[in-house]
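Chemist: Here's my sequence, what's the structure:
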Amino acid sequence: MLKKCGHCGEQFNGRRSSSKHCSRECAGKSRRTRVTVGCSYCQSPVETTPYKLSKFNYTYCNIQCRAAHLSTLMAAERNPNYNRLDTICDGCGDSIRVQPHRIRDNKHVFCSNECYKRNIGKFQEGFLNPMYRRLVRTCEICGETITRIASSYRGEHHFCSRSCYLQYHSQRMAQVKGDNQRECDYCGKLFHIKPSAVSNRKTTCCSVECASILRSIVYVGVDHPRWNPDITDEERLQARSYPEYAQWRKDVFFRDGYTCVSCGDSKGGNLVAHHVRNYAEYVEGRTDVDNGVTLCETCHVAFHNQHGYTGNTEKQLIEFIHEECA
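Modeler: Okay, the predicted model is just below:
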């Protein structure tokens, strides 16, 4: 449906009956009222809003015009920092002329940065130093006396070093755990664990390794949370989604050191457990580790492109590896 843009006047094909503008730019510009005035410095035409025109005395077409105009408006006596005042340097006592805001805003005025570095210390001695107020505490672990500024003490417990803090933390955690000992559900080892860590768990293990092995044993088949009862055993064999196949794949990778036997790629994330004798025809060797070999995705695709997906033999694999290594 051809329409006429309400801002630029060009025709456009509007998808909605309520469309009034050909683009977002035109829609945004039509919502704002613009006024064209001359640049306060170069007199070039500039578009601005009525609000800015009423609030600011000058309007510029770019930042260069603004800088050039301000340098003219604030020249000589018109500059607020032009008239300097006579005062005495608080460091060396010499007479100096400084801007009015330095006397108004600073407690001490110096003739140079070097003079400031040499003499600022005498104005921050004793109680004049913001870090002067120090408090004495005793380390809860070793009993050593601690003298620090008040702001560095946080909380009710104080320590002289990080080692004392870590020792206190380990003692506190031991008190929290108490005699709450549990037996590892996989290896049977006794270990300490907080009650909150076992409140919602079916199994508890002493390490990540034991937990990983136990999950591979417990959550198998029907006991797995993602088990789909609508899939038949034949469909699972075809999709290779059964525990024995997953374990076969891990064993093949482990035996070959997680490295492609053809090109030596070991970066991980792209490895495939390849059947020496193909999966569909050699049913007895589907989960036989001796019938598996580790290949990367590139070598795996190249092998099947060369020898197909049926009738694969060990001789074909050996020839393929020799060709790749040559």
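Chemist: what ranges of this structure fall below the confidence cut-off?
Modeler: The chain contains residues with pLDDT under 70 at 130-131, 175-180, 199, 233-239, 324-326.
Chemist: Going along the chain, name the strands of it.
Modeler: Using DSSP state E, the strands of the chain run over 2-4, 11-13, 35-38, 45-48, 85-88, 95-98, 134-138, 145-149, 181-183, 190-192, 271-275, 292-296.
Chemist: Just name whatever secondary elements the fifth one is in contact with.
Modeler: Counting by 3 or more C-beta pairs under 8 Å, 6 or more residues apart in numbering; DSSP states H and E, the packing neighbours recorded for strand 85-88 are strand 95-98, helix 100-105. In short, each C-beta sits where N, CA and C put it, glycine included.
Chemist: what's the closest of the ones you listed to Thr48?
Modeler: Across the helices and strands packed on strand 85-88, the minimum distance to Thr48, taken as C-beta to C-beta, is reached by helix 100-105, at 31.9 Å.
Chemist: What lies in contact with the closest one?
Modeler: Pro80, Asn81, Asn83, Arg84, Leu85, Thr87, Val109 (C-beta atoms under 8 Å, 6 or more residues apart in numbering).
Chemist: Format the helices and strands packed on strand 85-88 as JSON lines; extra columns: mean neighbour count.
Modeler: Formatted as JSON lines, these follow (neighbours: other C-beta atoms under 10 Å):
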{"stretch": "strand 95-98", "mean neighbour count": "14"}
{"stretch": "helix 100-105", "mean neighbour count": "11"}
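Chemist: Turn those into TSV, including distance to Gly38.
Modeler: Converted to TSV, those look like this (distance: least, C-beta to C-beta, whole Å):
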stretch	distance to Gly38
strand 95-98	40
helix 100-105	34
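Chemist: gap between the closest residue to Thr294 other than its chain neighbours and Leu295?
Modeler: Closest residue in space to Thr294, ignoring its immediate chain neighbours: Asp256 at 3.9 Å, by C-beta to C-beta, 6 or more residues apart in numbering. Distance of Asp256 to Leu295, computed by C-beta to C-beta, to the nearest Å: 9 Å.
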